[in-house]
Structures are given as structure tokens and as C-alpha cells.
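> Sequence and predicted structure are below.
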Amino acid sequence: QVHLVESGGGLVQPGGSLRLSCTASGRIHSLAAMGWYRQAPGKERELVATITTDGKTTYADSLKGRFIISRDAGDLTMYLQMMNLKPEDTAVYYCNARLAATPFIPYWGKGTLVTVSS
């Protein structure tokens, strides 16, 4: 089992920046990859970015250049640096993790709300 806790959400003005954090506990030695997803009101959950244990990253095409995913060397915490935020970035952001042994079973945090508004 993997337990994930997100933090760092809040209200930010358009053009501003925010950094989200996700702290993992449990079977972190078996992690294969972690990622961020988001769900805007009335929309389906969508991929934001992922990062593997060896540091390979992928991004949603529409977010490249504005969002940066990273994780610390101990793999305990993952980050999402968000820049030049737009109102359409408003969503609940969820942390996701997958174990190497069960890559098709996702673990989710409870999410953190990001609101971009003036």
C-alpha cells in the first residue's frame, strides 16, 4: 500500500505561480512512477505530468513549458511547479503512484484544490 498526501493548493491570481507537493509513505521502495492529475469542475480527470524513479518525465502537451514535475532523491516527495497560471488551470490536483509489481493499480491522494482567479 502507498499513502499519498498532497499540499500546496490555494488561490492564486492569473499569471502567478504555485508549487504543489505530494508526500508518499508505505511501500515507497517499490514505487515505479508517480504523477499529477487534475480534475476541473464538470470535467474528467486528466493527466498533468508523470515522473519515473529514474527521473524520466512526461507532460500533457498543453502544459509543457509552464508546469515542471520533480521528486526528491529519497522519492518521498514529489513536486509540481506551476507557472503563468491561467483560470483554466483551476482544478483539484491529485497525486498518483504506481508500484513496480502492480503497475496497473493506481494509488491516489485526496487532492488539493488550485483556484486561479483575480
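Yep, it's here.
> give me every residue that touches Tyr79.
19-22, 69-72 (Cβ atoms under 8 Å, 6 or more residues apart in numbering). C-beta here means a position set from N, CA and C on the backbone, and glycine is covered the same way.
> right, and the helix or strand after the helix or strand harbouring it?
For Tyr79, the enclosing helix or strand under DSSP states H and E is strand 77-82. Next along the chain after strand 77-82, taking DSSP H and E as the criterion, comes strand 91-99.
> by contact count, what packs against whatever helix or strand comes next after that following strand?
Downstream of strand 91-99, the first helix or strand assigned by DSSP H and E is strand 106-108. The elements that strand 106-108 packs onto, with contact taken as 3 or more Cβ pairs under 8 Å, 6 or more residues apart in numbering; DSSP states H and E, are strand 2-7, strand 91-99.
> Out of those, flag the one nearest Leu31.
strand 91-99 (5.8 Å; Cβ to Cβ).
> partners of the closest one, with directions?
strand 31-39 (antiparallel), strand 106-108 (antiparallel), strand 112-116 (antiparallel) (DSSP bridges).
> Just the residues contacting it, thanks.
Contacts for strand 91-99 (Cβ under 8 Å, 6+ apart): 2, 4-6, 9, 20, 22, 24, 27, 30-41, 43, 45, 48, 50, 78, 80, 104-114.
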